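> Sequence plus the predicted model coming up.
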Amino acid sequence: MMVGKQGKQWRSVCKGLILGTLLTSCMILLYCLSAPEVQFSLPDVPVPYSCSHHPAPAHPVAASNSVHAQEQRCTPKVDIMFLKTHKTASSTILNILFRFGEKQRLKFAFPSSRNDFFYPSPFHRSQVKDYRPGVCFNIMCNHMRLNEAEVAKVLPADTSYITILRDPAELFESSFHYFGRLVPLTWKISGDDKLGEFLREPEVYYDPDGFNSFYLKNLLFFDFGQDNNLPADDPRVEEGIRAIAQRFELVMLVEHFEESLILLKDALCWDMEDLLFFKLNARKGSTVSKLTPELRAKALEWNSVDWKLYQYFNTTFWQKVEAYGLERMAKDVAELQRRNAEMATICIEDGHAVDAGSIHETAMQPWQPIGEKSIMGYNLKKNVDNAHRKLCRKMLTPELQYLMDLGVNLWITKLWGHVRDILHW
């Protein structure tokens with residue numbers, strides 16, 4: 001009798017696993033392949049040179065090339081393209097851009113039905129919500145695979161192009177953790193140390209044409225619209241890096257995030273208050289794999305194109321810092337840190353991020369990777385004064401919720417989220 005009950009239970013479990021696997025596969029395919037039909041017949045109507053709807057008040061800035069800085073005046077730049085690369089603290093920058101855009105009453109070029117421009121398909125202007133040829137948009141900042149020619153048909157000619165990079169070894173560890181379960185190639189890796197196993201013999205587990213394989217090799221170069229499977233010594237890699245350097249006014253670095261924001265402030269003529277931030281989408285430390293020197297070397301070798309890209313822009317980054325002035329930079333970073341610490345005291349319950357299970361409000365729950373709740377979030381203090389309550393809530397709001405607050409219909413993303421909730425994933 002007991003054997004019969006156990007047999008029924010096992011059959012039930014197996015059916016559930018099969019149905020769950022099929023449903024999950026269908027949802028992943030729907031999410032990844034739900035690109036709109038490309039509208040090749042769209043007319044090429046020139047975008048205005050600038051989409052600044054009104055001249056912003058000019059304010060003084062210190063000249064970066066003089067110890068005794070003279071007062072100069074500049075106008076904040078409002079036409080901005082931020083290439084949101086993966087696993088690079090880019091959600092934190094998005095929050096900064098969202099708040100700046102709302103403050104300046106700017107028009108965002110958002111995707112429709114999901115939170116990215118139908119990534120990993122190359123960007124096309126038909127993917128922009130409410131796009132019409134010749135319409136002015138100020139800011140574009142959601143995930144995409146860059147297609148520079150198509151972006152130029154949406155944004156004005158005076159647009160400032162900015163992006164951010166991360167040490168490729170650390171980025172690979174983060175991407176493997178976050179996206180690994182979406183890459184079927186990794187499902188056959190046994191044992192607890194899947195990352196180490198992959199890096200020791202990546203060719204065994206990697207197929208350039210495999211589903212979602214781009215997440216596991218030179219992801220940065222892929223995000224820029226380039227071929228992520230090129231060898232590092234291929235001339236097309238150098239050409240790609242030169243093209244990126246020519247287009248992007250500022251390439252920031254995760255490892256020097258605050259210095260990057262100060263350079264952003266300088267490049268766009270913003271105020272210090274525009275840079276205030278809380279670190280969003282951070283993983284709890286227990287889920288981060290510590291790379292040994294051996295694994296770090298293997299990760300850099302495997303992602304050698306990204307490493308070449310990073311080294312190039314690490315050099316240009318420090319050239320910009322030196323041009324800005326080392327003492328001036330240190331002073332401004334200290335001021336930004338002071339203001340952020342002040343805001344944390346005002347806004348955040350207990351002053352720090354908490355595990356997903358300890359977040360009280362659903363509106364403050366960040367999106368989680370499949371299979372675990374490793375992304376931390378915040379609780380808004382209950383007694384925040386009226387002068388700061390609105391700003392505090394906006395600074396703490398995760399990306400998806402902020403997008404919905406700004407009017408983006410994320411029905412595909414939300415549907416996938418409901419399926420995961422049903423399956424407890």
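Happy to help now that I have it. Numbering: from 1, shown residues only.
> wait, what's in contact with the residue most central in space within the chain?
For the chain, the residue sitting closest to the mean C-alpha position, by Cα atoms, centre = their mean, is Ser90 at 3.5 Å. Counting by Cβ atoms under 8 Å, 6 or more residues apart in numbering, Ser90 makes contact with 82, 84, 164. (Glycine included, C-beta is placed from N, CA and C.)
> swap in Pro120?
32, 145, 212, 214, 222.
> Name the helix or strand for the last one, please.
What that stands for is Phe222. Assigned by DSSP states H and E, Phe222 falls within helix 219-223.
> out of the contacts of Pro120, which one sits closest to Met329?
Closest approach between these and Met329, by Cβ to Cβ: Phe222, at 31.6 Å.
> Distance check, the closest one against Asp405.
Look at Phe222 and Asp405: by Cβ to Cβ, to the nearest Å, they are 30 Å apart.
> These two: which is more packed in?
Each of Phe222 and Asp405 has its neighbours counted (other Cβ atoms under 10 Å); Phe222 has more, 23 against 14.
> count of neighbours near Phe198?
By the criterion of other Cβ under 10 Å, Phe198 has 24 neighbours.
> I'd like the mean pLDDT over whichever strand or helix holds it, please.
Secondary structure from DSSP H and E places Phe198 in helix 194-200. For helix 194-200, the mean pLDDT works out to 94.
> repeat for stretch 260-275
The model assigns stretch 260-275 a mean pLDDT of 97.
> Now do stretch 361-377: distance from first to last residue.
10 Å (Cα to Cα, to the nearest Å).
> Show me how far it is from its chain's centre.
In this view, stretch 361-377 has its centroid 16 Å away from the chain centroid, taken as Cα atoms, centre = their mean, to the nearest Å.
> could you check the distance from Val204 over to Asp306?
Val204 is 21 Å from Asp306, by Cβ to Cβ.
> quick one: which of those two has more around it?
Applying other Cβ under 10 Å to Val204 and Asp306 shows that Asp306 carries more neighbours, namely 27 against 11.
> Name the residues that touch the host helix or strand of that one?
Counting by DSSP H and E, the element that carries Asp306 is helix 304-324. Residues from elsewhere that reach helix 304-324 (Cβ under 8 Å, 6+ apart): 64-65, 165-168, 171, 218-221, 226, 228, 230-232, 237, 241, 244-245, 250-253, 256, 259-260, 262-263, 266, 300, 329.
> Now do that helix, average pLDDT.
Averaging pLDDT along helix 304-324 yields 98.
> Which neighbouring elements make contact with the very next helix or strand once past that helix?
Using DSSP H and E, the next helix or strand after helix 304-324 towards the C-terminus is helix 326-347. Helices and strands touching helix 326-347, by 3 or more Cβ pairs under 8 Å, 6 or more residues apart in numbering; DSSP states H and E, are helix 257-268, helix 386-396.
> on contacts alone, who are the packing partners of the longest one?
Judged by 3+ Cβ pairs under 8 Å, 6+ apart, helix 257-268 is in contact with strand 160-165, strand 250-253, helix 304-324, helix 326-347.
> and if we set it to 10 Å?
For helix 257-268, the packing partners by 3 or more Cβ pairs under 10 Å, 6 or more residues apart in numbering; DSSP states H and E come out as strand 59-62, strand 80-83, helix 90-104, strand 160-165, strand 250-253, helix 304-324, helix 326-347.
> so which of these comes closest to Glu361?
Once the helices and strands packed on helix 257-268 are compared by Cβ to Cβ, helix 326-347 is nearest, at 13.3 Å.
> Quick one: work out the angle between that closest one and helix 386-396.
Following axes from the mean of the first three to the mean of the last three Cα atoms, to 10 degrees, one obtains 110 degrees for the angle between helix 326-347 and helix 386-396.
> Now helix 326-347: buried residues?
Buried residues in helix 326-347, counting neighbours by 16 or more other Cβ atoms under 10 Å, are found at 328-329, 332-333, 336, 340, 343-344, 346-347.
> How about stretch 251-270?
Using 16+ other Cβ under 10 Å as the test for burial, stretch 251-270 gives 251-254, 256-270.
> got the end-to-end distance for that stretch?
Stretch 251-270 has an end-to-end distance of 17 Å (Cα to Cα).
> how far does that stretch sit from the chain's center?
With Cα atoms, centre = their mean, you get 15 Å for stretch 251-270.
> do stretch 405-414 as well
Using Cα atoms, centre = their mean, the offset of stretch 405-414 from its chain centre is 17 Å.
> which residues sit against stretch 190-208?
Residues outside stretch 190-208 that contact it (Cβ atoms under 10 Å, 6 or more residues apart in numbering) are 169, 172-173, 176-177, 180, 183-189, 213-214, 216-217, 227-229, 289, 291-292, 294-299, 301-303.
> Looking at these, which are in helices?
169, 172-173, 176-177, 294-299, 301-302 (DSSP state H).
> for the record, mean pLDDT for stretch 83-103?
The average of the pLDDT scores along stretch 83-103 is 96.
> nope, stretch 354-363 is what I meant
For stretch 354-363, mean pLDDT rounds to 87.
> Identify each buried residue in it, please.
354, 356, 359.
> Switch those residues over to TSV; also include secondary structure and distance to Tyr131.
Output for the buried residues of stretch 354-363, formatted as TSV (DSSP: H, G, I helix; E, B strand; the rest coil; distance: Cβ to Cβ, whole Å):
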residue	secondary structure	distance to Tyr131
Val354	strand	39
Ala356	helix	35
Ile359	coil	35
